[in-house]
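Student: I'd like to go over a predicted model; first the sequence, then the structure.
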Amino acid sequence: MVEPRTPAARPLDEPSAARLPPGTPGREAALAAHRTALAAGSAGYLDPTTGLFVLTAAAHLARGWCCGRGCRHCPFTD
C-alpha cells in the first residue's frame, strides 16, 4: 500500500535536486519543456534528450500520492 505524502515546499516548476541535479545534460531543455507543459495544462511532455514521455509535477500532484519510482518531477520528494 502507498502511503500519502505531503507535497514538498517548492514550486511545481522546480524539480527535486536529487531527481534532476544541476549539471545534468539536457536539464535546461527538460525544465523548459516541463514549464511549457505546466502552462498548457498538459499531463506531460516529451523529454528533449530521450524522447520519453515525462509526467509533470501537476499530473503527479493530481494523482495525490507518490508511486516511489523516482519520477523526475515528483512533487512529493525533496
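Tutor: Done, it's in.

Student: Quick one: end-to-end length of stretch 58-78, please.
Tutor: 16 Å (CA to CA, to the nearest Å).

Student: mind listing what's buried in it?
Tutor: The neighbour-count check on stretch 58-78 (16 or more other CB atoms under 10 Å) flags 58-60, 66, 71-77 as buried. Glycine gets a C-beta too; all of them are placed from N, C-alpha and C.

Student: in this protein, which helix has the most residues?
Tutor: As assigned by DSSP state H, the longest helix anywhere in the chain is helix 27-40.

Student: Now it: buried residues?
Tutor: 30-31, 33-34, 37-38.

Student: which residues of the chain fall in helices?
Tutor: Going by DSSP H, the chain shows helices at 27-40, 57-63.

Student: Any chance of TSV for those helices, columns distance to Leu20 and mean pLDDT?
Tutor: TSV is the format used below for the helices of the chain (distance: least, CB to CB, whole Å; pLDDT from 0 to 100):
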stretch	distance to Leu20	mean pLDDT
helix 27-40	6	96
helix 57-63	11	92
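
Student: and those helices as CSV, adding distance to Pro15?
Tutor: Shown next, in CSV, are these (distance: least, CB to CB, whole Å):
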stretch, distance to Pro15
helix 27-40, 7
helix 57-63, 7
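
Student: among those helices, which is nearest Asp47?
Tutor: Closest approach to Asp47 among the helices of the chain (CB to CB): helix 27-40, 5.9 Å.

Student: ok so, going back, please name every helix or strand in contact with the longest helix of the chain.
Tutor: If contacts are counted by 3 or more CB pairs under 8 Å, 6 or more residues apart in numbering; DSSP states H and E, helix 27-40 sits against strand 44-46, strand 53-55, helix 57-63.

Student: Tell me the spacing between the closest residue to Pro15 other than its chain neighbours and Arg10.
Tutor: Distances taken as CB to CB, 6 or more residues apart in numbering put His73 closest to Pro15, at 5.3 Å, once the chain neighbours are dropped. Relative to Arg10, His73 is positioned 11 Å away (CB to CB, to the nearest Å).
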